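[1] What shape does this take:
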Amino acid sequence: MAMPGVIKPDEEEVLEANRAFYEALGSLDLARMDAVWLRADWVRCLHPGWELLVGWEEVRTSWADIFRSTTRMLISISRPLVHVAGDTAWVSCLQNVTSAHLEGLATAVIEATNIFVRRQGRWLMVHHHTTPLPGQVPAGTSNTVQ
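    Take a look at the predicted model:
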């Protein structure tokens, strides 16, 4: 029986895949984002305020559009909760995001659920779902406008 709070090897691998996703996101590097996703017509992505994207081509295009319109993104995650069920796993976490766009600066706290599948020994993302948390201020920021 596993000890409470002890991370199992599969869980650590999934958390590492989740970290790789956020590193790709923060780097604004499409090649790095390509490396963390499964290329399938059934993958899904729901960005805040967007319609559900279905299939790798739509998902990849969305990341390309986001990266093209973003000059810088600082992202940190907190409260990662992981669960592994065979070759499927999910992580729910909070994203603290500050991004610079052509239109200005934006900050948000976003609840995210990331679903992964294991293929040939690698955990790859198949679903990314985000929900902004209204009224939340990312850690280290202020809601006072200067």
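[2] where does the chain have low pLDDT?
    Across the chain, the ranges flagged by pLDDT under 70 are 1-6, 136-146.
[3] do that again at 80, thanks
    1-7, 101-104, 134-146 (pLDDT under 80).
[4] the strands in this structure, which residues?
    Along the chain, counting by DSSP state E, strands occupy 44-46, 53-54, 70-85, 88-101, 104-119, 122-132.
[5] Using CSV, list the CA coordinates for the last one.
    Listed next in CSV are the C-alpha coordinates belonging to strand 122-132 (Å, rounded to 0.1, in the frame of the first residue of the first chain):
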residue,chain,number,x,y,z
ARG,A,122,5.9,8.6,-23.2
TRP,A,123,3.1,10.6,-21.7
LEU,A,124,1.6,12.9,-24.3
MET,A,125,-1.1,15.5,-23.9
VAL,A,126,-4.5,14.8,-25.5
HIS,A,127,-6.7,17.4,-23.7
HIS,A,128,-6.0,20.8,-22.2
HIS,A,129,-9.0,22.6,-20.6
THR,A,130,-8.8,26.0,-18.9
THR,A,131,-11.3,28.1,-16.9
PRO,A,132,-10.4,31.6,-15.7
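[6] Which secondary structure elements does that strand sit against?
    Counting contacts by 3 or more C-beta pairs under 8 Å, 6 or more residues apart in numbering; DSSP states H and E, strand 122-132 packs against helix 9-27, strand 44-46, strand 104-119. For every residue, glycine as well, the C-beta is placed using N, CA and C.
[7] Please name the residues that touch the residue lying closest to residue 122 once chain neighbours are set aside.
    Excluding the flanking residues, the one nearest residue 122 by C-beta to C-beta, 6 or more residues apart in numbering is residue 17, at 7.7 Å. Residue 17 makes contact with 36, 116, 122-125, according to C-beta atoms under 8 Å, 6 or more residues apart in numbering.
[8] Before I go, just wanted to say thanks for your time.
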